[in-house]
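> Predicted model, plus sequence, below.
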Amino acid sequence: MPQLQFSSVAKSYGDTQVLEPFDASVDSGEFLVLLGPSGCGKSTLLRMIAGLTEITSGELLFDGETVNEWDVRKRDIAFVFQSYALYPQMTVRQNIAFPLVMDRMKPWQHLPILGSIIRSRLMHRPEIAGEVDRIAEQLSLVPYLDRRPGALSGGQRQRVALARSLVRDPSLYLLDEPLSNLDAKLRTQMRVDITALHQKVGKTFVYVTHDQIEAMTMATRIIVMDHGRIQQIGTPDEVYDNPANTFVATFVGSPAMNLISPDIVAAHPTAFEPGIAASGAIVGVRPEHLMLADEGAPGLPVTVEVVERTGAEAIIACQPQGQEGDESRILVRASHTQRRVMGEACVLQLDPAHVSLFDAATGVRVPQTSTVG
Amino acid sequence: MSAHSPRRKRSPWTILVAIVLTAVVGFPIYWMLNTALSSQRVLYTEPQPLLPQLGNWEELADDLDGVPVVSMLSNSAIIAIGTTVLTILLATLCAYALSRYRFHGRGLVSFLLFSTQMVPQAVFLIPIYALFLGLGLVNNLWGLVLVNAAFALPVSTFIIKVGMDGIPYELEEAARVDNSPPLGTLTAVLLPLVLPSIAAAAVLAFFAGWGEFMYAATFVTGREMWPASVGLSVLAEQPSSSMPAIMTVATLFAAPAVVFFLLVQRHIVSGLTAGAVKG
């Protein structure tokens, strides 16, 4: 199980920098999630780890050894593609067995016709057939072993792709948005399955997603990326509770963290702690750390715009009085028992212990100890 | 992947048009067979009967006596199969390189490949003859294999390349991750998927080798080396040749090509249209 280390690793295509130099390390057995919007460079980074995309500068190390020049096959990895990349002409059994068969074939045995005869013979070897059956059993694929991928559902194909990656027992698993093609219900189920799988095999997983729910529920550590730049590295709790900047604050969490502009804070100084009000910073607060009180109570006066009931809770969109537009809208996560109606005037109260401050110019997190107090 | 479209009920007009077209295309073949089975005397003295006459086997055998039918057909088979194998081998590798690798001069290579199609084949006859004379490839079936393969190569390469372009690159990357060497990826993953295109290219190469006349007539002088295309032409030019004998040889010459076409025709259509629509 390799420990991964990135040392000033960067990627560019000509003059276009798609991944800026960064340093990071991934411990053995970690479940690292690369999280970011489309085009942020997370898949490129994953492909660089796999050896499918060249590293422009910097060093990637597996257990202290530079692997920049290593071929994919030498890296002992499994890669689950977003499209699953199952071989459509092969049955599920042949797909799963493919890595094992390839491991046992000599270079000259890949010649046309001869290769197919040898592959067919190898498929029947007890050690290969047994291993395929074992993995198929583990992932509930036994009834589909003789079907082709085209005859499987999205979830079944996804499991075949996982089975093919598991069968060789690699030391590093790389997964590129493997759940993005599944429906919401199946995605939830597969999320649990993959987490359980990680715990079972105990290997290092690097998982790419743009879905922050996947990242929060599966990761032991998250790297948040945007525009080819690492925005924050931390555990899900660190990223959620202490976002490094306004991008992370709004990208992680659903609904996103509310960012209250310094203008609103300045207009209602009594609604905030004195340190916060005087900081001139953007005030970030998660929807669950806001409370709505009746008009007249101390706090930020707001008007209820929309109430979305999701069953167990309600998301209430409020607009500070005197403001309009999406920018200034504040979302509150409230109990479903709280009854508010559109147009109702209320007061918003912040939990000062859960407030983040961001520099108004750069968006970077400002340490609160220096401003609040 | 191979989902069949639901069977539609055909209108009487469609059936009528199909029958007319089949008759127009099939009549020359029928007439060739009919002539082959007729008596030479009847053909020259009476109107040709519409139905085949089946009692002239002895006369036909006498007419074909001395005509090297077997060697002609086997020579054609060697040239056609050799052309097909060589063309497919080279075209597949060439198509793979053009489809998958980005290299300087890639566009130029494609252009040069197709520029050979812009010039009539007859233009190359004398230069290639002179070249082959020095290489000892004149009056040699393998020389004809080389020439035919060279002419069949550009179109075959293009057909296979279009097929390969439609295969997601991720499959090759998956094979690399699965520890497959490049040759294994080509033979185990790519080739089975591009088989329809290969079948289409194979048919074109086979026909190019089987029916080629100009180069065969020029390069092959020995009677024992004649392919059927040349033998048939010589037979037709001889005043002593009977019409049933000529048509019998023509039928035997056409039959393998028709059988080969029928065997792979399903693949040809999907191969020729590969990449035409997003799958």
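Great, that's in hand. Numbering: from 1, shown residues only, chains lettered A, B, ... in the order given.
> need the residues of the stretch 1-150 of chain A near chain B, please.
A:50, A:52, A:72-73, A:77-79, A:81, A:83, A:85-89, A:98-99, A:102-103, A:105, A:107, A:110-112, A:115-116, A:119, A:148, A:150 (CB under 8 Å from any CB of the partner chain). The C-beta positions use only the backbone N, C-alpha and C, and glycine is treated the same way.
> so where's the stretch 151-279 of chain B uncertain?
B:268-279 (pLDDT under 70).
> ok but B:Leu204 is inside a helix, no?
Yes - counting by DSSP: H, G, I helix; E, B strand; the rest coil, B:Leu204 is located in a helix.
> give the contact list for it.
B:Leu204 is in contact with B:152, B:155-156, B:159, counting by CB atoms under 8 Å, 6 or more residues apart in numbering or on different chains.
> Buried residues of the least confident helix or strand in chain A by mean pLDDT, list them for me.
Using mean pLDDT, DSSP states H and E, helix A:274-279 stands out as the lowest-scoring helix or strand of chain A, at a mean of 81. By neighbour count on 16 or more other CB atoms under 10 Å in any protein chain shown, the buried set for helix A:274-279 is A:275-277, A:279.
> for stretch B:207-223, same thing?
Those would be B:207-212, B:215-216, B:218-220, for stretch B:207-223 by 16+ other CB under 10 Å.
> got the CA coordinates for it in CSV?
The C-alpha trace of stretch B:207-223 is given here as CSV (Å, rounded to 0.1, in the frame of the first residue of the first chain):
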residue,chain,number,x,y,z
PHE,B,207,-12.6,-8.2,-54.7
ALA,B,208,-9.6,-6.0,-55.7
GLY,B,209,-7.4,-9.1,-55.8
TRP,B,210,-10.0,-11.5,-57.3
GLY,B,211,-11.1,-9.4,-60.2
GLU,B,212,-8.0,-7.4,-61.0
PHE,B,213,-7.2,-7.7,-64.7
MET,B,214,-4.8,-4.9,-66.0
TYR,B,215,-1.8,-5.7,-63.9
ALA,B,216,-2.4,-9.4,-64.0
ALA,B,217,-2.5,-9.4,-67.8
THR,B,218,0.7,-7.3,-68.0
PHE,B,219,2.8,-8.9,-65.3
VAL,B,220,1.9,-12.6,-65.8
THR,B,221,2.9,-14.2,-69.1
GLY,B,222,3.0,-17.9,-68.3
ARG,B,223,-0.3,-19.8,-68.9
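> how far is it from where the chain is centred?
Averaging C-alpha positions (CA atoms, centre = their mean, to the nearest Å) puts stretch B:207-223 13 Å from its chain's average.
> Wait, a strand at A:Glu69?
No - under the criterion used here (three-state DSSP), A:Glu69 is coil, not part of a strand.
> how near is it to A:Glu59?
11 Å (CB to CB, to the nearest Å).
> ok, those two, which is more surrounded?
More crowded of A:Glu69 and A:Glu59, by other CB atoms under 10 Å in any protein chain shown: A:Glu59, with 15 against 9.
> quick one, what contacts the more buried one?
Counting by CB under 8 Å, 6+ apart, A:Glu59 has contacts A:5-9, A:66, A:68.
> ok, now with 6 Å
For A:Glu59, the contacting residues are A:7, A:66, by CB atoms under 6 Å, 6 or more residues apart in numbering or on different chains.
> for it, phi and psi?
phi -130, psi 140 (degrees, to the nearest 10).
> Which residues does it form beta bridges with?
Beta-bridge partners recorded for A:Glu59 (DSSP bridges): A:Ser7.
> That one and A:Asp23, how far apart?
10 Å.
> Could you tell me which residues touch both of these two?
With CB under 6 Å, 6+ apart, A:Glu59 and A:Asp23 have common neighbours A:Ser7.
> Check the nearest residue to A:Gln321 once chain neighbours are set aside and give its pLDDT.
Nearest residue to A:Gln321, sequence neighbours excluded (CB to CB, 6 or more residues apart in numbering or on different chains): A:Pro301, at 4.6 Å. With respect to pLDDT, A:Pro301 scores 91.
> How about the residues of the stretch 151-279 of chain B by chain A?
Taking CB under 6 Å from any CB of the partner chain as the contact definition, the stretch 151-279 of chain B meets chain A at B:170-171, B:173-174, B:176-181, B:183-184, B:187, B:189, B:192-193.
> residue contacts, B:Val17?
For B:Val17, the contact set (CB under 6 Å, 6+ apart) is empty.
> Please identify the helix or strand for it.
Here B:Val17 sits within helix B:12-37, counting by DSSP states H and E.
> do the same with B:Ile126
Going by DSSP H and E, B:Ile126 is in helix B:125-135.
> Which residues outside the next helix or strand after that helix are in contact with it?
Toward the C-terminal end, the helix or strand that comes next after helix B:125-135 (DSSP H and E) is helix B:141-165. The contact list for helix B:141-165 (CB under 6 Å, 6+ apart) reads B:78-79, B:82-83, B:86-87, B:90-92, B:94-95, B:98-99, B:113-114, B:116-117, B:121, B:132, B:137, B:194, B:197, B:200-201, B:205, B:208-209, B:212, B:215-216, B:219, B:274-275.
> what domains does the record give for chain B?
Domain ranges of chain B: B:12-60, B:67-272, per automatic domain parsing.
> Quick one: residues contacting residue 260.
Since no chain was named, I'll use chain A. Applying CB under 6 Å, 6+ apart, the residues near A:Ile260 are A:Val283.
> That was the other one, I meant chain B.
Taking CB under 6 Å, 6+ apart, one finds B:Phe206 in contact with B:Phe260.
> Am I right that it is in a helix?
Yes - B:Phe260: assigned to a helix according to three-state DSSP.
> State the distance from it to chain A.
Distance, B:Phe260 to chain A, using CB to the nearest CB, to the nearest Å: 19 Å.
> one step back: could you grab the helix/strand/coil label for the residue nearest to A:Gln321?
Once three-state DSSP is applied, A:Pro301 turns out strand.
> Can you tell me who it pairs with across the strands?
Going by DSSP bridges, A:Pro301 forms beta bridges with A:Val347.
> And it, how close does it get to chain B?
55 Å.
> count of neighbours near that residue?
A:Pro301, neighbours per other CB under 10 Å, totals 17.
> I figured it hits A:Gly322, correct?
No - counting by CB atoms under 6 Å, A:Pro301 stays clear of A:Gly322, with 8.6 Å between them.
> Work out for me the element A:Leu357 sits within.
Per DSSP H and E: strand A:355-358 holds A:Leu357.
> go on, A:Thr217?
helix A:212-218.
> And the helix or strand following that helix, what does it pack against?
Where DSSP H and E defines the elements, the next helix or strand beyond helix A:212-218 is strand A:221-226. Applying 3 or more CB pairs under 6 Å, 6 or more residues apart in numbering or on different chains; DSSP states H and E, one finds that strand A:221-226 contacts strand A:31-35, strand A:229-234.
> I'd like to check the angle between the helix or strand hosting B:Tyr96 and helix B:141-165, please.
B:Tyr96 belongs to helix B:69-100 when assigned by DSSP H and E. Relative orientation of helix B:69-100 and helix B:141-165, computed by axes from the mean of the first three to the mean of the last three CA atoms, to 10 degrees: 40 degrees.
> who does helix B:69-100 touch, helix- and strand-wise?
helix B:141-165, helix B:195-211, helix B:228-237.
> what angle do the second one and helix B:228-237 make?
Note on geometry: by the same axes, to 10 degrees, helix B:195-211 and helix B:228-237 are set 30 degrees apart in direction.
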